[in-house]
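Enquirer: this one's structure only:
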């Protein structure tokens, strides 16, 4: 056997376990899912999709999830950028520790973090009581089960991901560019706006899309903090399967969610590629 | 001096925790003068420059610009044109927009911006490149854009942070002559950071030699070369043979390795520049003469550098005309001689 | 940071502090509330006691769930590491047509909704006797995300390893396989550790797939917690949550200490 043939064989051998796993447990199930979603009425029909797109309730669920994605993304961006910027530009030896603490929540299950928000949000919880005390809300008000509550909790769950993305992007921008802008007379805010944010635009978009995509398809936090009135995509899929056992319809909703995620992922990949191009 | 100083650093100190980056720096730069901050890496020269630019907060001391205290003035209100080591050209802006950046910040009218940018482009021979992005330029072109961007705002002081270190040797020489010409013509007060002593000697009016956060000597290039104030300066600026001279048994001076010396002063550390040493074949007695073996002969183009290994172990540096290589071969015995005037005492050790 | 200017610098710092409190505050609250002596969840805690920890440790559901989770996460981490690293070596050390596509394909589960993966896998398991219910299903499901996680860590690590070191070993007479094990593998160790930690923590924390493909008898801790949290505001849930936060903290510190060695 010649050496190039042997190399090919080695490569194939190394890839085989992953390829087999993915063919059997990733590609094939996804195809079955798509098949089922188009299988009503059998053998080919669009009834499941017509039901989703023709029902204002389900369209509302879709709109609700998209709105959740938008709100969470904005919260993550507004809170994440200053923290990521200061961490990326800090010169103290505490910066490493602070970055580590910032990413610590990623090590804790979303179930635990969502439960923490439930404790803060229920009628007797700290945050709800603070709001009641302020007189802005009725006395029996609770954030649990509200859209705002889900936004606050989910943004906290996803904020470390946004910060990590922005941190990497800002670290890639030479800080002397900000210094140069300032020495040429740009106030710090102006330097940040004209140089840093302009150069980080690709990364900011990429981080936002990632957080948006994860929010739209999030399950644990919306279902726990949103409670029974959580009308979000992933929660609806859960209800249709494990509770209502309407698998073809659940498959159709899953396919729609899959399409959204894939569209976002493709844009994300392209943006990140462009960002690298510009940074060079 | 302080009255006339354009830029005046008074007792500038910068500490990072317990480490002192800059220790009590006093430096006055006159109008139109080019002063080099010269020293090895980590000597505090860049920290000093960044304090002047407003990027580093001094722990102590004051910075005066035309007599006005600007120590607490933020960087964007200081009116300093800085050329960064990395150039820090805005990668998303064209050459013209990079140069115009500071003018826009100053609210200069559109027509005037175009006019001043065009003048700078012509001055720096960047014609035809106005619309290019920085990454489409060569290293030398990028360097000129960085210079143009700093000069177009007519800054009170120009700050140069190792502006030639990213250029190849040939380009570096041409560029620094060009920059010196521009600086003299426009009468720019300039502070210039470099670790390259040849570069500092070539274009500075005065050189501030720094070491471990301290200003070791401030003087013209000739002064720091011919009359180094410290051992560090003597070793850092050019090549030097150093002798610790003490009174010997016969009443004359003797170096630490037993070489009899005849110098104008008494016991001190003396510098002997390699080019002041004469190498002869025949042995000689008395002070200011020493015999040894030629160890290395390196041809430098405009001359020859030799290392004379002495019996005591010292490697004496000698520089002379190219003909030296014809007269001596490695391994040959030779005698080095010099006159009392060639020995310069270092005032402090 | 004088260069930021005073008011603007302070504004940025204020927002950053808010973000910091927002990130870590809830974790602090749950730990504090778990120490309360009261029979309901309250913050700040009233009276200090460990009774809810005793209750949690006495509850067979939590204890069983914890052991299921550990077994699951260890298996997933080990299998992901082997399968993922092998694939990463193939993708960085060999050239074949469509390499970039294969790489993107193997990473794609990371950008797809976990719940959709779970639904698809449930449908698949229902249609085939190939994968027995219980732990096996949990493991193979988590591998779909565990392998891409390992790949994402190992691809850049493998690309960064200096090929000339490997070539030097070859030059000195080592076979390709020997060179890999003697020279490349030691250089990969920190990366391998980070990848395994990532796969472990993913599997340990994951709830969506576990909810669908797990059996009631072998439910991981996250699934038990998810169910319990919806029932009542039981301080025992807070105690279990606090223990999970503690485990996460230990793992993170261990990972850091290893990485900085």
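Expert: Nice, I can see it. Since the model is a prediction, treat every value here as computed from it, not as a measurement. Residues are numbered from 1 along each chain as shown, chains lettered A, B, ... in the order given.
Enquirer: Show me which residues of stretch B:123-132 are buried.
Expert: Judged by neighbour count (16 or more other CB atoms under 10 Å in any protein chain shown), stretch B:123-132 contains these buried residues: B:123, B:124, B:126, B:129, B:130. C-beta coordinates here come from the backbone N, C-alpha and C atoms, glycine included.
Enquirer: what's the closest non-adjacent residue to the second one?
Expert: Of all residues not flanking residue B:124 in the chain, residue B:144 sits nearest, at 4.4 Å (CB to CB, 6 or more residues apart in numbering or on different chains).
Enquirer: May I ask which helix or strand encompasses that neighbour?
Expert: Under the assignment given by DSSP states H and E, the secondary-structure element containing residue B:144 is helix B:139-151.
Enquirer: counting contacts, what elements does that helix pack onto?
Expert: Here helix B:139-151 touches strand B:80-83, helix B:95-105, helix B:110-123, strand B:157-161, helix B:169-186, going by 3 or more CB pairs under 8 Å, 6 or more residues apart in numbering or on different chains; DSSP states H and E.
Enquirer: And the strands in chain A, which stretches?
Expert: Using DSSP state E, the strands of chain A run over residues A:39-40, A:45-46.
Enquirer: out of those strands, deepest packed?
Expert: Mean neighbour counts were taken over the strands of chain A using mean count of other CB atoms under 10 Å in any protein chain shown, and the top value, a mean of 19, falls to strand A:39-40.
Enquirer: And for that strand, what's in contact with it?
Expert: Contacts of strand A:39-40 with the rest of the structure, by CB atoms under 8 Å, 6 or more residues apart in numbering or on different chains, involve A:45, A:47, A:48, A:248, A:249, A:252.
Enquirer: Please repeat the previous calculation with a cut-off of 10 Å.
Expert: Judged by CB atoms under 10 Å, 6 or more residues apart in numbering or on different chains, the contacts made with strand A:39-40 from elsewhere in the structure are A:32, A:45-51, A:246-249, A:251-252.
Enquirer: tell me the domain ranges of chain B?
Expert: Chain B is divided into the following domains under automatic domain parsing: B:5-235, B:239-346.
Enquirer: Please dump those into a markdown table; it should also carry distance to residue C:17 and mean pLDDT for every row.
Expert: Formatted as a markdown table, the domains of chain B follow (distance: least, CB to CB, whole Å; pLDDT from 0 to 100):
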| stretch | distance to residue C:17 | mean pLDDT |
| --- | --- | --- |
| domain B:5-235 | 21 | 92 |
| domain B:239-346 | 54 | 87 |
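Enquirer: and among those, the most buried is which?
Expert: Using mean count of other CB under 10 Å, domain B:5-235 ranks as the most buried of the domains of chain B, with a mean of 19.
Enquirer: In chain A, which residue is most central in space?
Expert: Taking CA atoms, centre = their mean as the criterion, residue A:214 is the residue nearest the geometric centre of chain A, at 2.4 Å.
Enquirer: Now that one: closest residue in space that isn't a chain neighbour?
Expert: What sits nearest to residue A:214 in space, not counting adjacent residues and going by CB to CB, 6+ apart, is residue A:158, at 5.7 Å.
Enquirer: pLDDT score for the one you found?
Expert: In the prediction, the pLDDT value recorded for residue A:158 is 93.
Enquirer: Contact partners for the residue nearest to the centre of chain A?
Expert: Counting by CB under 10 Å, 6+ apart, residue A:214 touches A:69, A:72-73, A:154, A:157-158, A:161-162, A:261, A:264, C:111, C:113-114.
Enquirer: from those residues, which is closest to residue B:156?
Expert: In terms of CB to CB, no member of the contacts of residue A:214 lies closer to residue B:156 than residue A:162, at 42.0 Å.
Enquirer: and the gap between the residue nearest to residue A:59 when sequence neighbours are not counted and residue B:54?
Expert: If the residues on either side of it in the chain are set aside, residue A:59 comes closest to residue A:53, at 6.9 Å by CB to CB, 6+ apart. Between residue A:53 and residue B:54 the distance is 60 Å, computed by CB to CB, to the nearest Å.
Enquirer: that older thread, the helix holding residue B:144 to helix B:95-105, inter-axis angle?
Expert: 20 degrees (axes from the mean of the first three to the mean of the last three CA atoms, to 10 degrees).
Enquirer: Helix B:139-151 vs strand B:157-161, what angle?
Expert: Computed by the same axes, to 10 degrees, the angle between helix B:139-151 and strand B:157-161 is 150 degrees.
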